[in-house]
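here are the coordinates; sequence isn't available:
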């Protein structure tokens, strides 16, 4: 088949390289974001140049020039791999065999742009990926295939995506292309009664409420790692947490922890491996921290630079 690929970043690059490595279909054009002065080129653009694949970089896919260029390629199939721009239906419906798209959740659950963060923050134990046929709705088109993955008790946004959903997604894209070529790709309507939607997961959504149960605090921290970083304050300065672990305490009530270590958010120990913080029913050990003024640093280095001491309280 003649394939047009719309994508960006490392995932788009990996999909492009996987299609090329399979050697069955021809990528007749890659549509990627424009280069920006002073910033590295998008990985998919570099991969297209390396592979000798025609590269087209339009600021907006809805512009007439982009639509005309896309149609001129006469693709049999369009593959959308990590697309944040609006792609018009005129383009989606143009290929003879349609358009397929990757989404990192089990649609219709968690439609929207931050579909990996929200399940972890919500304490869910399973998520997955969907290859679907996009329509005029947001992540609402018929499902071609799905793959499920477990969310472990200590998984973060980073581990779920980079260790599972990324490699599985690339393989699923190749599998879906094979099904389309064979004429056996299903179109399974999504169950609207099960649909959920969440918007972008931003720093304002990742503010730690120290009155919440310990597990909810931990889920927020790991669902925000590495982006946008669960955040709190220390002496009026915003601080974000990374590489955290939670340990239950015997007894498990907030009052018992407070009696021993102080209120939730209180620093109870500073060591080489982390800053131990009291939370209702246990201890949150934070391996790295970051302020808005700098990068992520090891807990011991953060404590030395900030003057953090046992008895200090985050969010207080």
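It's in. Computed from a predicted model, the values in this text were never measured in an experiment. Numbering: from 1, shown residues only.

Can you pull out the low-pLDDT segments for the stretch 151-300 of the chain?
249-261 (pLDDT under 70).

Which parts of it are strands?
Applying DSSP state E, counting those that start in this stretch to the stretch 151-300 of the chain gives strands spanning 230-234, 237-248, 267-270, 275-279, 282-291, 297-298.

For residue 194, find the nearest of the ones you listed.
strand 230-234 (28.1 Å; C-beta to C-beta). Bear in mind the C-beta positions are built from the backbone N, C-alpha and C, glycine included.

From what I see, residue 310 and residue 270 are in contact.
Yes: distance between residue 310 and residue 270: 6.4 Å, which falls inside the contact criterion (C-beta atoms under 8 Å).

Between these two, tell me which one has more neighbours.
For the pair residue 310 and residue 270, the greater number of neighbours falls to residue 270 (17 against 14), based on other C-beta atoms under 10 Å.

right, and the strands of the stretch 151-300 of the chain - which one's nearest residue 82?
strand 237-248 (23.3 Å).

so can I have a markdown table of the strands of the stretch 151-300 of the chain showing distance to residue 130?
Formatted as a markdown table, the strands of the stretch 151-300 of the chain follow (distance: least, C-beta to C-beta, whole Å):
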| stretch | distance to residue 130 |
| --- | --- |
| strand 230-234 | 27 |
| strand 237-248 | 28 |
| strand 267-270 | 42 |
| strand 275-279 | 34 |
| strand 282-291 | 32 |
| strand 297-298 | 37 |
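
Need the winner for burial among the ones you listed.
Of these, the one with the most neighbours on average (mean count of other C-beta atoms under 10 Å) is strand 275-279, at a mean of 26.

Can you mark which positions in stretch 296-310 are buried?
296, 297, 298, 299, 300, 302, 303, 306, 308 (16 or more other C-beta atoms under 10 Å).

go on, stretch 106-120?
Within stretch 106-120, the residues that count as buried by 16+ other C-beta under 10 Å are 106-112, 114-120.

what two of these have the greatest distance between them?
108 and 120 (18.5 Å).

quick one, domains of this protein?
As assigned by automatic domain parsing, the chain contains the domains 2-194, 203-306.

want to throw those into TSV with distance to residue 316?
Formatted as TSV, the domains of the chain follow (distance: least, C-beta to C-beta, whole Å):
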stretch	distance to residue 316
domain 2-194	23
domain 203-306	6
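
returning to that earlier point: for the strands of the stretch 151-300 of the chain, which one sits closest to residue 177?
Taking the strands of the stretch 151-300 of the chain one by one with C-beta to C-beta, strand 237-248 is closest: 36.3 Å.

Against which helices or strands is the closest one packed?
helix 214-223, strand 230-234, strand 282-291 (3 or more C-beta pairs under 8 Å, 6 or more residues apart in numbering; DSSP states H and E).

That one relative to strand 282-291, how many degrees between them?
Interaxial angle, strand 237-248 versus strand 282-291 (axes from the mean of the first three to the mean of the last three C-alpha atoms, to 10 degrees): 150 degrees.

I'd like the buried residues of stretch 106-120 written out as CSV, with distance to residue 6, secondary structure and pLDDT added.
CSV is the format used below for these (distance: C-beta to C-beta, whole Å; DSSP: H, G, I helix; E, B strand; the rest coil; pLDDT from 0 to 100):
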residue, distance to residue 6, secondary structure, pLDDT
106, 23, coil, 98
107, 19, coil, 98
108, 22, coil, 98
109, 24, coil, 98
110, 22, coil, 98
111, 19, strand, 98
112, 19, coil, 97
114, 20, coil, 97
115, 18, coil, 98
116, 20, coil, 98
117, 23, helix, 98
118, 24, helix, 98
119, 26, helix, 98
120, 27, helix, 98
